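[1] here are the coordinates; sequence isn't available:
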């Protein structure tokens, strides 16, 4: 299956003479070998060795000190590790916890580990190493140890079980499911089960009826349950989780209890069968093959939410807004994402990127803007979270790919609903204030330099009544060169705004330097876009030279004069102007000196080509006339 590896690589390590090579040989031949070489070559077991139909590659390792580099190399490539000791050798047993397991931790080998006692048939009953003591002491001390088992190659006792458990630990891992510190299912596992529970709780009453339990069974395992089976399950759940069953059916705690029983019985494969059926990978997130994101054919395309998806999100907002105040409290947003691996908006770049009240409540516009931002920046992540919160329509219909920006310029119009505006400017020019004002936040005189890019998104209502989502992306001054080193950095730019402090001459000069640098890079990489000049802090005394120069420079660049704004005064009309310019992508594209020279060079080149073509045609004509003249004279 797509989510399983092509082969499971099991590396066997241990002290000399503990039975490593003999164990591998016995498994491969299903017999006790009379002799074995000091080191076996990699041994491949066929895919039909165990039920999961995945082949195993068994790696023997040398015991000599001089070849420890080879051992380390193999350990770093392992999917799981078998550490052997000899049941008739107390020293080799002690070395498991004093040498081998600490060595794996030191090498940061983060794979499942099995501790295997070989030569079970030879152990001295009077000096036997207790498997129980091994299990309690070693497994408590080393969390990576998933199983302790004893075997005998001579009698083939539990030899297949060693490699079955080694494979099972890779294909059906326990760690993502169970937290040994809390002795309970991991938070991410509970969240995944909540989503699956919600899928079958059709009437959203918090319980699964007998019919819903049966439908879950059919979807998960392809087989239905008899009424007596459902009754037996409910009885078993009630015995273990009293609150797991009520008069309506099995509750979510009961659903959790069922899966806990799978773990207690060692049936991790059954637990994972459910999770994988509903799209989960080993990290308990939806796998990529479960997320059919429409593919962009070019870097200057974007992905947006479809109209139907926006309506779905509006319905979700109304459903969560139980007090009908047109706002969602943080707790209500957390509840929305309680079936997702984590709340996606708690960290950058989404944290504080949408409009909220002073209490942290989010409006419908802010809610939709967050989804628009997430879809723009990471369509796959957005689609996954749509599914986590209950989107049940065809995933392939949730998102749509826009036309190329270069095509929009040719058509001189665009059908985009989401516009991304890159904000450039010097330190303290007023870039952050532009973002804060978009989010309805109060102006502050406190200045904190922007050191990493950040975003702000909101819905802007235009004069004709249509609504568009505007995303502002603030680029720190010191990071511009690093960003421009990526040739596709400007591909997602619908419009660029170059901000300067209108009271500061240096700030004005820096904004023009940045404009030329950015626009020239766009020309070189084939990404052109409209540009605006924004003169911020218009409430301060303007720098005289900057006012005069700005008009002249705008005329030379063939773009509009700077938009004068004061975020302190709450000037929000600038966002409408940004959207209007972005909706006409063929206009406001500046002509820098670099671009003018390049255009002149292209014109000269075309003139030269036409001249060559004309000369060639004239030469052809002259040759033809001479040929006719020679023909006439000879006749």
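    Received the coordinates, thanks. Bear in mind that the values here come from a model prediction, so they are computed numbers and not experimental data.
[2] so residue 115: helix, strand or coil?
    At residue 115 the chain is in strand, as set by DSSP: H, G, I helix; E, B strand; the rest coil.
[3] so what's the residue nearest to it when sequence neighbours are not counted scoring on pLDDT?
    By the measure of CB to CB, 6 or more residues apart in numbering, the closest residue to residue 115 outside its immediate chain neighbours is residue 148, 4.6 Å from it. Just so you know, the C-beta spots here come from the backbone N, C-alpha and C atoms, and that holds for glycine as well. On the pLDDT scale, residue 148 is placed at 91.
[4] what about residue 148, neighbour count?
    21 (other CB atoms under 10 Å).
[5] please apply the same query to residue 229.
    Neighbours of residue 229 using other CB under 10 Å come to 14.
[6] quick check: the gap between it and residue 278.
    21 Å (CB to CB, to the nearest Å).
[7] and the residue most central in space within the chain, what is it in contact with?
    In the chain, the C-alpha nearest the mean C-alpha coordinate belongs to residue 381, at 5.6 Å (CA atoms, centre = their mean). For residue 381, the contact set (CB atoms under 8 Å, 6 or more residues apart in numbering) comprises 344, 374.
[8] now the helix or strand hosting it: mean pLDDT?
    Using DSSP states H and E, residue 381 maps to helix 379-388. For helix 379-388, mean pLDDT rounds to 98.
[9] and that helix, what's buried?
    379, 381, 382, 383, 384, 385, 386, 387, 388 (16 or more other CB atoms under 10 Å).
[10] quick one on the thing from earlier: three-state assignment of the residue nearest to residue 115?
    strand.
[11] so it is in contact with residue 135, correct?
    Yes: using CB atoms under 8 Å, residue 148 makes contact with residue 135 at a distance of 4.9 Å.
[12] tell me, how many residues neighbour residue 208?
    With other CB under 10 Å as criterion, residue 208 counts 25.
[13] likewise residue 152?
    22.
[14] separation between it and residue 124?
    14 Å.
[15] ditto for residue 327
    From residue 327 to residue 124 the distance is 74 Å (CB to CB).
[16] same question, residue 84
    In terms of CB to CB, residue 84 sits 18 Å off from residue 124.
[17] same check, this time on residue 145
    25 Å.
[18] name the residue in the two with the higher neighbour count.
    residue 145 (23 against 11).
[19] can you give me the helices in the stretch 101-250 of the chain?
    101-106, 131-141, 159-171, 187-200, 210-221, 227-240 (DSSP state H, counting those that start in this stretch).
[20] does anything pack onto the shortest one? Which helices or strands?
    Using 3 or more CB pairs under 8 Å, 6 or more residues apart in numbering; DSSP states H and E, the elements in contact with helix 101-106 are strand 80-86, strand 113-118.
[21] deepest in the core, which of the ones you listed is it.
    strand 113-118 (a mean of 28; mean count of other CB atoms under 10 Å).
[22] what's the angle between that one and strand 80-86?
    30 degrees (axes from the mean of the first three to the mean of the last three CA atoms, to 10 degrees).
[23] related to what we said a few turns ago, just send the helices and strands packed on helix 101-106 back as JSON lines, with mean pLDDT and distance to residue 588 too.
    Output for these, formatted as JSON lines (pLDDT from 0 to 100; distance: least, CB to CB, whole Å):
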{"stretch": "strand 80-86", "mean pLDDT": "97", "distance to residue 588": "60"}
{"stretch": "strand 113-118", "mean pLDDT": "96", "distance to residue 588": "62"}
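[24] looking at the ones you listed, which is closest to residue 491?
    strand 80-86 (42.7 Å; CB to CB).
[25] pairing partners for the closest one, with directions?
    Here strand 80-86 is paired, per DSSP bridges, with strand 8-14 (parallel), strand 113-118 (parallel).
[26] for residue 552, which of these is the nearest?
    Comparing those under CB to CB, the one sitting nearest is strand 8-14, at 68.4 Å.
[27] who's in contact with residue 404?
    297, 298, 300, 301.
[28] just the buried residues of the residues you listed.
    If we count by 16+ other CB under 10 Å, those have these buried: 300, 301.
[29] quick one: which of the helices and strands packed on helix 101-106 is nearest residue 423?
    Between these, strand 80-86 lies closest to residue 423; by CB to CB that is 49.8 Å.
[30] what residue ranges in the stretch 101-250 of the chain score low on pLDDT?
    125-134 (pLDDT under 70).
[31] now with 80, please.
    For the stretch 101-250 of the chain, the stretches with pLDDT under 80 are 124-136.
[32] same deal with the stretch 401-550 of the chain?
    543-550.
[33] related to what we said a few turns ago, what's the angle from the helix holding residue 381 to helix 187-200?
    60 degrees.
[34] C-terminal to helix 379-388, what's the next element?
    strand 399-401.
[35] now the very next helix or strand once past that following strand, how far from the centre of its chain.
    Next helix or strand after strand 399-401 toward the C-terminus (DSSP H and E): helix 405-411. With CA atoms, centre = their mean, to the nearest Å as the basis, helix 405-411 stands 30 Å off its chain's centre.
[36] so that it lines up with my notes, have the first residue be 54 from now on.
    New numbering, starting at 54: the last item is helix 458-464.
[37] now what about the next helix or strand after helix 458-464, what contacts it?
    Per DSSP H and E, helix 458-464 leads on to strand 471-478 as the next helix or strand towards the C-terminus. Under the contact criterion CB under 8 Å, 6+ apart, strand 471-478 has outside partners 355, 357, 425, 428-429, 484, 487-488, 521-528, 530, 533, 543, 545-553, 560, 563-564, 567-568, 571, 589, 631-632, 635-636.
[38] which residues touch stretch 340-351?
    55-56, 332-334, 355-356, 432-433, 436-437, 440, 448-449, 452-454, 457, 459, 544.
[39] buried subset of those, written for ChimeraX?
    The ChimeraX command for the buried members of the contacts of stretch 340-351 (criterion: 16+ other CB under 10 Å) is given here:
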select :56,332,333,334,355,356,432,436,437,440,448,452,453,454,457,459,544
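[40] how many other residues sit next to the nearest residue to residue 66 once chain neighbours are set aside?
    Distance criterion CB to CB, 6+ apart; nearest residue to residue 66, sequence neighbours excluded, is residue 114 at 5.0 Å. As a burial measure, residue 114 scores 21 neighbours (other CB under 10 Å).
[41] again with residue 419
    Residue 419 has 21 neighbours, counted by other CB under 10 Å.
[42] list the contacts of it.
    Contacts of residue 419 by CB under 8 Å, 6+ apart are 407, 408, 409, 511.
[43] that one and residue 363, how far apart?
    In terms of CB to CB, residue 419 sits 14 Å off from residue 363.
[44] now do residue 448
    16 Å.
[45] and the host helix or strand of residue 364 with helix 432-441, angle?
    For residue 364, the element it lies in under DSSP H and E is helix 360-373. Counting by the same axes, to 10 degrees, helix 360-373 lies at 50 degrees to helix 432-441.
[46] I'd like the average pLDDT over helix 360-373.
    97.
[47] could you verify my assumption that the residue nearest to residue 66 touches residue 63?
    No: taking CB under 8 Å as the definition, residue 114 is not a contact partner of residue 63, at 11.2 Å.
[48] quick one: end-to-end distance for stretch 94-103.
    Chord length of stretch 94-103, first to last residue, is 22 Å (CA to CA, to the nearest Å).
[49] for that stretch, the distance to its chain's centre please.
    34 Å.
[50] how about residues contacting that stretch?
    Residues contacting stretch 94-103 (CB under 8 Å, 6+ apart): 60, 77-78, 80-81, 106-113, 213, 216-217, 220-221.
[51] report the buried residues of that stretch.
    Buried residues in stretch 94-103 (16+ other CB under 10 Å): 96, 98, 102, 103.
[52] any idea how far residue 75 is from the third one?
    Right, residue 102. For residue 102, the distance to residue 75 - CB to CB - is 18 Å.
[53] same question for the last one.
    As judged by CB to CB, residue 103 and residue 75 stand 21 Å apart.
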